[in-house]
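Undergrad: This is the structure alone, sequence omitted:
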């Protein structure tokens with residue numbers, strides 16, 4: 001425990017920087033190497049002085065009429081949007097403002113089970129009722145690939161009263177069904193659609209436009225710019241492509257966004273739009289080449305495998321996201337991440353039971369790829385005398401939606417109690433059980449807890465998966481009274 005007068009976070013950041021580690025993780029820049037030169041020059045010379053407020057000549061994000069209005073107009077042109085809004089509260093703000101624009105109390109909204117926790121929290125604000133669409137699970141690797149075309153059609157068929165929809169493209173690990181076809185299915189229903197494209201802002205500049213929801217013109221698209229683009233953490237973009245929704249989105253942003261946005265973050269977004277206009281496609285092409293080089297070299301190393309969907313499967317994988325497994329060596333993803341971190345000063349984006357996730361972004365260079373390949377070759381030569389990792393069971397239940405469709409708002413305000421996992425069977429969950437990263441609920445509020453839920457959660461916890469605090473403390477939060485919607 002730190003003594004009074006100490007700065008534990010500042011000290012921890014200083015220690016981390018002292019490692020001089022190579023990172024394959026967010027944000028989508030590698031410091032000065034990845035950020036736009038225009039912003040780097042400003043920050044190097046005037047970082048503290050650029051921490052400003054709404055002074056004359058600097059405009060106001062809540063009612064832009066000058067430089068910020070023009071910058072957002074230029075950003076909209078870069079991304080082909082009707083209107084683009086700068087966000088300094090992350091994609092969470094974009095998702096929740098979008099939900100306020102299209103959802104309403106007691107109205108049903110289609111949500112895929114792999115939606116981010118910000119969607120759940122947004123529904124607490126709107127009062128909307130989620131209809132959770134089933135997912136396709138990658139059986140061998142053990143992760144949700146996303147929602148299939150068949151699953152989307154099935155959900156609409158069973159719920160003709162859906163008033164809006166939210167899609168995720170791509171999944172955190174980079175997989176997705178073709179977004180063009182998913183959007184066509186929604187458009188036939190004549191309801192507004194939000195696409196959480198937080199992990200896919202860069203796809204707009206890729207070789208295949210059908211991978212990008214923004215290129216396909218979805219009603220509302222939320223881009224977590226800092227996740228994959230060279231811009232500061234906490235910055236995001238909200239694109240509106242339906243004129244009828246612009247005013248509703250503006251009103252929602254006024255309700256939710258900070259009244260004191262960071263001008264450094266806004267300047268970072270401004271420099272980003274100019275950089276992407278000049279060479280967005282070129283930068284993504286370079287990142288893709290590096291990622292494919294890493295992918296090809298890693299595949300050659302004994303004991304390692306790189307995930308790739310079958311070409312005929314109807315699924316695609318974002319080239320810049322690499323799922324790397326050492327399961328054949330008997331090494332979990334968690335162990336591999338620790339080895340890379342402690343022995344080779346390499347940090348990964350995510351570690352799971354079967355794999356680690358590596359992100360290649362605009363700031364990476366060939367030297368970074370060479371470093372991790374060299375490390376993997378050395379790890380592959382170790383004779384640990386371990387057996388191949390066994391598979392996790394009970395994944396089938398996460399392909400389905402929940403039993404009762406309950407408003408998260410009603411659950412939020414309901415009376416609750418904490419009980420042990422075994423006593424929770426048959427009760428209604430009052431709080432989500434979440435893995436982070438990426439912040440996806442394994443168990444949604446309003447969902448009836450089954451024996452399969454408990455078995456799965458206990459098994460994954462025993463293997464080392466990090467779950468939300470209440471479950472880690474040995475309890476689940478459940479509702480006391482029965483609830484309709």
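TA: Yes, it's here. Computed from a predicted model, the values in this text were never measured in an experiment.

Undergrad: Now do the SS call for the nearest residue to residue 422 once chain neighbours are set aside.
TA: Once flanking residues are discounted, residue 422 sits nearest to residue 454: 6.8 Å by C-beta to C-beta, 6 or more residues apart in numbering. Every residue, glycine included, has its C-beta placed from N, CA and C. Assigned by DSSP: H, G, I helix; E, B strand; the rest coil, the conformation of residue 454 is helix.

Undergrad: okay, residue 454: pLDDT?
TA: The per-residue pLDDT reported for residue 454 equals 90.

Undergrad: What residues does it make contact with?
TA: 421-422, 424-425 (C-beta atoms under 8 Å, 6 or more residues apart in numbering).

Undergrad: Just the buried subset of these, please.
TA: Buried residues within the contacts of residue 454, counting neighbours by 16 or more other C-beta atoms under 10 Å: 421, 424-425.

Undergrad: From those residues, pick the one nearest residue 70.
TA: Nearest to residue 70 among the buried ones among the contacts of residue 454 is residue 424, at 54.2 Å by C-beta to C-beta.

Undergrad: Any chance of CSV for the contacts of residue 454, columns secondary structure and pLDDT?
TA: Shown next, in CSV, are those (DSSP: H, G, I helix; E, B strand; the rest coil; pLDDT from 0 to 100):
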residue, secondary structure, pLDDT
421, coil, 91
422, helix, 92
424, helix, 93
425, coil, 94
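
Undergrad: out of those, who's nearest residue 20?
TA: Of these, the one sitting nearest to residue 20 (C-beta to C-beta) turns out to be residue 421, at 42.8 Å.

Undergrad: Pop out the phi and psi values for that closest one.
TA: Taking degrees, to the nearest 10, you get phi -50, psi -40 for the backbone angles of residue 421.

Undergrad: Domain ranges for the chain, per the record?
TA: Following automatic domain parsing, one finds the domains of the chain at 21-31+289-380, 37-277, 396-479.

Undergrad: For residue 2, which of those domains is the nearest?
TA: Short answer: domain 396-479, nearest of the domains of the chain by C-beta to C-beta, at 21.4 Å.

Undergrad: mind checking how far that closest one is from the chain centre?
TA: Put simply, domain 396-479 sits 20 Å off its chain's centre (C-alpha atoms, centre = their mean, to the nearest Å).

Undergrad: and the lengthiest helix in the chain, what other elements does it pack with?
TA: As assigned by DSSP state H, the longest helix anywhere in the chain is helix 263-299. Secondary-structure packing of helix 263-299 (3 or more C-beta pairs under 8 Å, 6 or more residues apart in numbering; DSSP states H and E): helix 37-46, helix 67-79, strand 305-306, strand 321-325, helix 366-380.

Undergrad: Just name whatever secondary elements the strand or helix carrying residue 152 is in contact with.
TA: Assignment of secondary structure by DSSP states H and E places residue 152 within helix 149-158. On a contact count with 3+ C-beta pairs under 8 Å, 6+ apart, helix 149-158 meets strand 108-112, strand 129-133, helix 179-187.

Undergrad: Out of these, the one nearest residue 331 is which?
TA: Proximity to residue 331, assessed across those by C-beta to C-beta, is greatest for strand 108-112 (31.1 Å).

Undergrad: Can you check my assumption that residue 417 lies in a strand?
TA: Yes - the assignment for residue 417 is a strand, going by three-state DSSP.

Undergrad: how close does it sit to residue 431?
TA: Plainly put, residue 417 is 11 Å away from residue 431 if you go by C-beta to C-beta, to the nearest Å.

Undergrad: all strands of the stretch 351-485 of the chain, in order?
TA: For the stretch 351-485 of the chain, applying DSSP state E, counting those that start in this stretch gives strands covering 355-359, 416-419, 433-435, 440-443, 476-479.

Undergrad: Quick one: the strands in the stretch 1-150 of the chain, in order.
TA: Applying DSSP E, counting those that start in this stretch to the stretch 1-150 of the chain gives strands spanning 22-24, 83-87, 108-112, 129-133, 136-138, 143-146.

Undergrad: export these to CSV and tack on mean neighbour count, distance to residue 8 and mean pLDDT?
TA: Formatted as CSV, the strands of the stretch 1-150 of the chain follow (neighbours: other C-beta atoms under 10 Å; distance: least, C-beta to C-beta, whole Å; pLDDT from 0 to 100):
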stretch, mean neighbour count, distance to residue 8, mean pLDDT
strand 22-24, 22, 22, 97
strand 83-87, 24, 29, 99
strand 108-112, 25, 38, 96
strand 129-133, 23, 38, 93
strand 136-138, 18, 39, 89
strand 143-146, 24, 34, 91
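
Undergrad: so which of those strands comes closest to residue 208?
TA: strand 143-146 (16.4 Å).

Undergrad: Residue 246 contacts residue 84, doesn't it?
TA: No - between residue 246 and residue 84 there is no contact under C-beta atoms under 8 Å: 10.8 Å.

Undergrad: any shared contact partners between those two?
TA: Common contacts of residue 246 and residue 84 (C-beta under 8 Å, 6+ apart): residue 240.

Undergrad: Give me the below-cutoff pLDDT ranges for the stretch 201-350 of the chain.
TA: Along the stretch 201-350 of the chain, the model assigns pLDDT under 70 to residues 312.

Undergrad: can you rerun that using 80?
TA: Counting by pLDDT under 80, the stretch 201-350 of the chain has low-confidence residues at 311-312.

Undergrad: ok, back up a step: specify the stretch among the strands of the stretch 1-150 of the chain that is closest to residue 217.
TA: Minimum separation from residue 217 across the strands of the stretch 1-150 of the chain (C-beta to C-beta) falls at strand 83-87, 13.0 Å.

Undergrad: contacting residues around the residue lying closest to residue 297 once chain neighbours are set aside?
TA: Among residues not flanking residue 297 along the chain, residue 373 sits closest, at 4.7 Å (C-beta to C-beta, 6+ apart). Applying C-beta under 8 Å, 6+ apart to residue 373 gives the contacts 294, 297-298, 301.

Undergrad: what does residue 319 give?
TA: With contact set as C-beta under 8 Å, 6+ apart, residue 319 has these partners: 206, 287-288, 291-292.

Undergrad: For these, pick the one with the most neighbours.
TA: Greatest neighbour count in those, by other C-beta atoms under 10 Å, goes to residue 287: 24 neighbours.

Undergrad: Go ahead and confirm that residue touches residue 362.
TA: Yes - counting by C-beta under 8 Å, residue 362 is a contact partner of residue 287 at 5.8 Å.

Undergrad: In a markdown table: the contacts of residue 373, plus distance to residue 310 and neighbour count.
TA: Converted to a markdown table, these look like this (distance: C-beta to C-beta, whole Å; neighbours: other C-beta atoms under 10 Å):
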| residue | distance to residue 310 | neighbour count |
| --- | --- | --- |
| 294 | 21 | 24 |
| 297 | 22 | 18 |
| 298 | 19 | 21 |
| 301 | 22 | 18 |
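
Undergrad: Tell me which of the domains of the chain lies nearest to residue 389.
TA: Across these, closest to residue 389 is domain 21-31+289-380 (C-beta to C-beta), at 4.2 Å.

Undergrad: The closest one: how far from the chain's middle?
TA: The chain centroid and the centroid of domain 21-31+289-380 are separated by 18 Å, computed with C-alpha atoms, centre = their mean.

Undergrad: tell me how far the ends of that domain are from each other?
TA: End-to-end span of domain 21-31+289-380 (C-alpha to C-alpha, to the nearest Å): 21 Å.

Undergrad: list the contacts for the residue lying closest to residue 332 once chain neighbours are set aside?
TA: The spatial neighbour of residue 332 that comes closest, neighbours along the chain excluded (C-beta to C-beta, 6+ apart), is residue 353 at 5.5 Å. Residues near residue 353 by C-beta under 8 Å, 6+ apart: 142, 332-334, 389, 392, 460, 463-465.
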